[in-house]
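>>> heads up, no residue letters with this:
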């Protein structure tokens, strides 16, 4: 019996969704029926547990194979056989009807028509097709030139914005510095005024305190003598008379004069830092040719209209523009988005507005196609795609038009988990994640394979690079190379691992918690121009932003059910694929 909607538990045992739902309904908290490990369900319940895509694909293939015997007799005829007379081969080419025909068709429907050999007709058609190819290449080059112009203009605008922002910040800092210095000066003057007033008060107090002490002592002594009576009282009265007489003749204390300062705020209006004004462009971007060209349209108006904060495109399906598990995303310097459409076995290409441009199948050799797991762009503008045909894994280099340049099979272990790919353009190395072990037991280990473009294995980054107290990778899925050359790997076992460019372990961050800054089944990973790390926190339904040390900064998005792959465009937009609804979103700002 085959699985239906197989779900994988944190212990990596797989069960049907309905079976788990029934099991959870009888007893909570949920425990794995096999190993009895307690399972913390996500907010969506059993339905929110991750799908086991490997088991799903195997089940689909078994179902497909079960139906093949009944369909064998319905296979299409060979290309060189006549569709009207299947037993007849094409013999000649009818010039009038422009069709290849067999001998029976020639007698029945093409009698008297001019004919030629198949080879000669093909040779004559080649010249026409070559002319069309040349024209098409010229049109393509004009569009590419237009896109390059946009890219150069975008780079120039980014640089101008940076300079403009720096000028504003400098003016602000200068003004703040002047205000700070003025504040310090005013506070110092206020403090000086206060000290002078306090000095006058203290001088007046010191002058009077000696007289107060003298008079107070004489009065106290007279009171005690009066209580005792006798000679002592008679003598003390004389003493008191002298003291009182002394101060009766003495002038009263002089009033203390102080001058309390006041603060009078300036009525000067708030200073203006400056003004931002648009200048006329020095040179317009060349417009793409429109005459005689069909299928695409560009105009200055549409290129520069306001963009929404987020654009989402795709949706589940098999038609162009739809996806069936968009497992990988990448973007070219010209601003074309490439999506690895896994179960449709193809790469689809879109504009930065989500408009479909073209597609090509992920051929490995001949008519054999693979399911792409991930995609990355190299320094020459070619695509590296990793995928699988059944249990065999491949890395294939395609041009942006879909032509196979080179390929090599991944003989180093058969990965039981999807693979990720990244390219280090500085060293021309291809990094590919790999998970090996027993898929039915909790014995798994991860590694990163480093290849040259010709398929030669350079090194393996694995647990041998760790010391005893460090935790090893178990389910490495996606990988990226940061601006400083560091290698960052997302491990579906709730962590991100960071290595230097030589493959030496540096640190890891994350952890299995439903916390604001922890990770639960992280997948897609990339870095932006500031070196910050963007992670698709898949099982928490979030996209997170960390700094280069792994310190949590903020949530970029909490509204995507199953974010998977991420990428940054040359203009700084963020791409996120979502396998819950089979879409890709473009975040203009994050």
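In hand now; what should we look at? Remember, predicted model here, so these are calculated numbers, not experimental data. Numbers count the residues shown, from 1 in each chain.

>>> Poorly predicted segments of the stretch 351-500 of the chain, please.
411-416, 438-444, 463-471 (pLDDT under 70).

>>> again, 80 this time
For the stretch 351-500 of the chain, applying pLDDT under 80 flags the ranges 366, 390-391, 411-417, 436-445, 462-474, 483-484.

>>> in stretch 477-496, what's buried?
477-482, 486-496 (16 or more other Cβ atoms under 10 Å). The C-beta positions use only the backbone N, C-alpha and C, and glycine is treated the same way.

>>> what's the answer for stretch 518-532, then?
By 16+ other Cβ under 10 Å, the buried positions in stretch 518-532 come out as 518-527, 532.

>>> Reformat those as a markdown table; add distance to residue 409 and secondary structure.
Listed next are these as a markdown table, based on distance: Cβ to Cβ, whole Å; DSSP: H, G, I helix; E, B strand; the rest coil:
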| residue | distance to residue 409 | secondary structure |
| --- | --- | --- |
| 518 | 37 | coil |
| 519 | 32 | strand |
| 520 | 33 | coil |
| 521 | 28 | coil |
| 522 | 28 | strand |
| 523 | 24 | strand |
| 524 | 25 | strand |
| 525 | 25 | strand |
| 526 | 27 | strand |
| 527 | 30 | strand |
| 532 | 36 | coil |
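
>>> just the helices in the chain please.
All helices of the chain, identified by DSSP state H, fall at 17-26, 53-67, 103-108, 118-228, 230-249, 300-303.

>>> Could you tell me the end-to-end distance of stretch 542-553?
13 Å (Cα to Cα, to the nearest Å).

>>> So what touches it?
For stretch 542-553, contacts defined as Cβ atoms under 8 Å, 6 or more residues apart in numbering pick out 482, 484, 496, 498, 507-510, 516-517, 519, 527, 531-537, 554-558, 560, 563, 566, 574, 576, 590.

>>> What are the buried residues along it?
542-546, 548, 550, 552.

>>> for those residues, which one is nearest residue 153?
Comparing those against residue 153 with Cβ to Cβ places residue 545 closest, at 28.2 Å.

>>> roughly how far apart are the closest one and residue 43?
Going from residue 545 to residue 43 by Cβ to Cβ, to the nearest Å gives 22 Å.

>>> May I see the PyMOL selection of the buried members of the contacts of stretch 542-553?
Buried residues among the contacts of stretch 542-553 (16+ other Cβ under 10 Å), as a PyMOL selection:
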select buried, resi 482+496+498+508+509+510+517+519+527+532+533+534+535+536+537+555+556+557+560+563+566+574+576+590
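
>>> Next step: the contacts of stretch 542-553 restricted to strands.
496, 498, 507-510, 527, 533-537, 554-557, 563, 566, 574, 576 (DSSP state E).

>>> Next, the buried residues of stretch 196-206.
Buried residues in stretch 196-206 (16+ other Cβ under 10 Å): 197, 204.

>>> who's in contact with that stretch?
Counting by Cβ under 8 Å, 6+ apart, 253-254, 256-260 sit against stretch 196-206.

>>> Mind checking which of the residues you listed are buried?
For these, buried by 16+ other Cβ under 10 Å: none.

>>> Pick the one among those closest to residue 30.
Among those, and counting by Cβ to Cβ, the member closest to residue 30 is residue 260, at 74.5 Å.

>>> Skipping adjacent residues, who's closest to residue 254 in space?
In space, and not counting its chain neighbours, residue 254 is closest to residue 204: 7.6 Å by Cβ to Cβ, 6 or more residues apart in numbering.

>>> Pull up the gap between that neighbour and residue 211, please.
Using Cβ to Cβ, we find residue 204 at a distance of 12 Å from residue 211.

>>> and residue 21, how many neighbours does it have?
Neighbours of residue 21 under the rule other Cβ atoms under 10 Å: 16.

>>> Count residues in the vicinity of the residue lying closest to it once chain neighbours are set aside, would you?
In space, residue 21 comes closest to residue 46 once its chain neighbours are excluded; the distance is 4.8 Å by Cβ to Cβ, 6+ apart. Neighbours of residue 46 under the rule other Cβ under 10 Å: 21.

>>> so residue 46 touches residue 7, yeah?
Yes. Here residue 46 lies in contact with residue 7, judged by Cβ atoms under 8 Å, at a distance of 6.6 Å.

>>> Do you know the pLDDT at the closest residue to residue 539 other than its chain neighbours?
Using Cβ to Cβ, 6+ apart and skipping the chain neighbours, the partner closest in space to residue 539 is residue 521 (3.4 Å). The model reports residue 521 with a pLDDT of 84.

>>> Ok, residue 316 next?
91.

>>> Which residues does stretch 525-533 contact?
478-480, 482-484, 488-490, 496, 534-536, 545-548, 550, 553, 566-568, 572.

>>> Do I have it right that residue 583 meets residue 313?
Yes. The criterion here is Cβ under 8 Å, and residue 583 meets it with residue 313 at 6.6 Å.

>>> burial measure for residue 178, as a count.
11.

>>> Let me know the pLDDT of it.
For residue 178, the pLDDT comes out at 87.

>>> OK, contacts around the residue nearest to residue 21?
So, once contact is read as Cβ under 8 Å, 6+ apart, residue 46 ends up touching 7, 17, 20-21, 24, 30.

>>> Return the set of buried residues in stretch 53-61.
53-59.

>>> what do you get for stretch 221-233?
Quick answer for stretch 221-233 (16+ other Cβ under 10 Å): 222, 225.

>>> let's have the chain start at 484 instead
Sounds good: first residue 484 from here, last item stretch 704-716.

>>> What separation is there between residue 579 and residue 638?
Residue 579 is 56 Å from residue 638, by Cβ to Cβ.

>>> of these two, who's got more company?
residue 638 (13 against 10).

>>> how near is that one to residue 631?
11 Å.

>>> just checking, residue 900 touches residue 918?
Yes. Using Cβ under 8 Å, residue 900 is in contact with residue 918, at 3.7 Å.

>>> got a list of what residue 491 touches?
By Cβ under 8 Å, 6+ apart, the neighbours of residue 491 are 497, 532-535, 538.

>>> Next: residue 498.
Neighbours of residue 498 in contact, by Cβ under 8 Å, 6+ apart: 486, 489-490, 492, 506, 516.

>>> how about JSON lines for those residues, with pLDDT added?
Formatted as JSON lines, those follow (pLDDT from 0 to 100):
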{"residue": "486", "pLDDT": "80"}
{"residue": "489", "pLDDT": "86"}
{"residue": "490", "pLDDT": "86"}
{"residue": "492", "pLDDT": "85"}
{"residue": "506", "pLDDT": "81"}
{"residue": "516", "pLDDT": "82"}
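
>>> Now, those residues that are in strands?
Using DSSP E, those in strands are 489-490.

>>> Take the contacts of residue 498 and lay them out in TSV including distance to residue 588.
Converted to TSV, these look like this (distance: Cβ to Cβ, whole Å):
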residue	distance to residue 588
486	51
489	52
490	57
492	62
506	65
516	65
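
>>> now, which of the contacts of residue 498 sits nearest residue 878?
Out of these, the member with the shortest distance to residue 878 (by Cβ to Cβ) is residue 489, at 27.0 Å.

>>> does the closest one really touch residue 532, like I thought?
No. In terms of Cβ under 8 Å, residue 489 does not count as a neighbour of residue 532; the distance is 9.9 Å.

>>> anything in contact with each of the two?
By Cβ under 8 Å, 6+ apart, the residues touching both residue 489 and residue 532 are residue 500.

>>> what residues are shared contacts of residue 529 and residue 490?
What both residue 529 and residue 490 touch, as defined by Cβ under 8 Å, 6+ apart, is the set 500, 503.

>>> Could you dump the buried residues of stretch 536-544 into JSON lines with distance to residue 675 added?
Output for the buried residues of stretch 536-544, formatted as JSON lines (distance: Cβ to Cβ, whole Å):
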{"residue": "536", "distance to residue 675": "76"}
{"residue": "537", "distance to residue 675": "79"}
{"residue": "538", "distance to residue 675": "81"}
{"residue": "539", "distance to residue 675": "80"}
{"residue": "540", "distance to residue 675": "82"}
{"residue": "541", "distance to residue 675": "85"}
{"residue": "542", "distance to residue 675": "86"}
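
>>> With that, I have no additional questions.
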